[in-house]
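got a sequence here, can you build the structure:
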Amino acid sequence: MKFQLLFIIMLLAVATFNSFILIFKREKNISGYRFLYASLFFYNFCLSVYFVWFEAGFIMEAPELLRTISPLMYLCAPLFFFFIRNSLSGSVGLSKRDWLHFLPALIHLLDLLPFYFESSQVKSVFAANIVSDKAKINFEAGGLIPIQFHYLFRIFLQTGYFVYSLYLVNKVRPEIFIIKKGQRRIFDLKIVLINLGWMVIFQFVYAVFEIMIHFGNLDLIVENYYLRRISLLGLLGLNLFVNFRAEFFNDRKENKKSKVVDVDKQKIHIPYSKNGDQPEINIQISKELPDAFSQKEIELIKSEIISKMEEAQIFTETGLTLNQFAKRINVTPKLVSLVINREFDKNFNEFLNQYRIAFAILKIKEGYLDDYTLEALGEMSGFNSRTTFFNSFKKEKGCSPTEYWKKFQESPS
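Predicted structure coming up:
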């Protein structure tokens, strides 16, 4: 076996194993990513099988397995779509009509039943033909529907899912397409879309070339070979990102961009300003906070708080606590609380909910509730329960979210 082929198989084997483990990993912060992990698992698994069976030729040892995983390849795109939809709506699991997305896989399975009952000798002939000429994998050993149709239809279906996912993202979270630092969830989604988009684009071009080869008698075999290899880079990038997310590196960068000042054995981290300049701090700080700080330093902390709220939209993170927020801006929780109380005349939770309600109102005006529920809106805005969302909304606006929505429908202005 060639070293290059062995290396690809080893990478895909590790990626398949890792994505499978992630599906069943019990951690609260990854629950929203399980559909992504499942989609990634099927991509990795199907590609691993392809390289082991056909590129390495092991299908000759067990020809009866030919086409057994082909229906599973229809699951990759729908599972990715479920991840995008649920991430945007704040929902979990599947809806009642989601079974329709699995119909192509079921139809392909039923379509292949006559082939599955063929003898091992017949399958051995097909397997030998495909191993000797990899291009024949798109043409031979099919069911009632030509196997070439499934290869092309699957790629076009995958492209359709991806384009519709982009449409939903642009409709619900258009800020994802803006190139700027944001909260982790937006950053994650952006990187996932870039990597999968890479794979989808090159596989779509591959499908177009296949049609041109078939109907135009063009010699694009070599180009298609490299297109499929290039598309794997997107899958590799997605696997790397999923297994080594950038949050760790972001935390390290933030810690480096801080000035440590001793306050009676307590350390307060004063962040650098946005332009990278170190703030001038040349005062003795006592326990009397915030009076011991100059107005310039208080304004600096205030600007960091506003930046995290308005630019990073950190308030949409469900269950965000004062300690967690203070850690993000490298300031003690006590100081954050005092600055918010002094500058905004609110406690931390009131300040947080004010942004959450404003965000929810913005989404209502954008038509979010035309497609999703009030519960999904509350979770998307950062509330951890329907009751908390309704109570906070009524306290802030004097009416419930339902009443506000009805008033908006009657008078959109």
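
now do the strands in the stretch 251-400 of the chain.
For the stretch 251-400 of the chain, the strands defined by DSSP state E, counting those that start in this stretch occupy 258-263, 266-271.

just the strands in the stretch 101-250 of the chain please.
Going by DSSP E, counting those that start in this stretch, the stretch 101-250 of the chain shows no strands.

can you list the low-confidence ranges for it?
175, 177-187, 213-214, 216-225, 245-250 (pLDDT under 70).

repeat the analysis, applying 50 as the threshold.
Where the stretch 101-250 of the chain drops to pLDDT under 50, the residues are 182, 246-250.

what do you get for the stretch 251-400 of the chain?
In the stretch 251-400 of the chain (pLDDT under 50), the answer is 251-292.

cutoff 80 now
Applying pLDDT under 80 to the stretch 251-400 of the chain flags residues 251-298, 311-312, 370-371.

so which residues of it form helices?
Ranges of helices in the stretch 251-400 of the chain, per DSSP state H, counting those that start in this stretch, are 295-310, 322-328, 333-344, 348-365, 374-381, 386-397.

dump the fifth one to CSV, restricted to CA.
Think helix 374-381. What follows is helix 374-381 as a C-alpha-only set of coordinates in CSV (Å, rounded to 0.1, in the frame of the first residue of the first chain):
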residue,chain,number,x,y,z
LEU,A,374,-41.4,32.0,21.3
GLU,A,375,-39.6,29.4,23.3
ALA,A,376,-36.9,29.2,20.5
LEU,A,377,-36.7,33.0,20.5
GLY,A,378,-36.2,33.1,24.3
GLU,A,379,-33.4,30.5,24.1
MET,A,380,-31.8,32.2,21.2
SER,A,381,-31.8,35.5,23.1
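
that helix vs helix 386-397, what angle?
80 degrees (axes from the mean of the first three to the mean of the last three C-alpha atoms, to 10 degrees).

ditto for the fourth one
With the same axes, to 10 degrees defining the directions, helix 348-365 sits at 90 degrees from helix 386-397.

who does helix 348-365 touch, helix- and strand-wise?
helix 322-328, helix 333-344, helix 374-381, helix 386-397, helix 401-410 (3 or more C-beta pairs under 8 Å, 6 or more residues apart in numbering; DSSP states H and E). Placement of C-beta: from N, CA and C, glycine included.

and for the nearest residue to M309 once chain neighbours are set aside, the neighbour number?
Closest residue to M309 apart from its sequence neighbours, by C-beta to C-beta, 6 or more residues apart in numbering: Y355 at 5.1 Å. Using other C-beta atoms under 10 Å, Y355 is surrounded by 19 other residues.

and what about L94, helix, strand or coil?
Of the three states, L94 takes coil under DSSP: H, G, I helix; E, B strand; the rest coil.

verify the contact between it and F83 for me.
No: counting by C-beta atoms under 8 Å, L94 does not reach F83; the two are 11.7 Å apart.

which one of those two has more residues nearby?
Each of L94 and F83 has its neighbours counted (other C-beta under 10 Å); F83 has more, 23 against 13.

surely the more buried one meets C76?
No: shown here, F83 and C76 do not form a contact pair, counting by C-beta under 8 Å, at 11.2 Å.

quick check: neighbours shared by these two?
S39 (C-beta atoms under 8 Å, 6 or more residues apart in numbering).

which residue is nearest the middle of this protein?
The centroid of the chain falls nearest to L189 when counting by C-alpha atoms, centre = their mean (3.8 Å).

can you give me the separation between it and L88?
Per C-beta to C-beta, to the nearest Å, L189 is found 9 Å from L88.

shared neighbours, the two?
If you check L189 and L88 against C-beta under 8 Å, 6+ apart, the residues they both contact are 169, 173.
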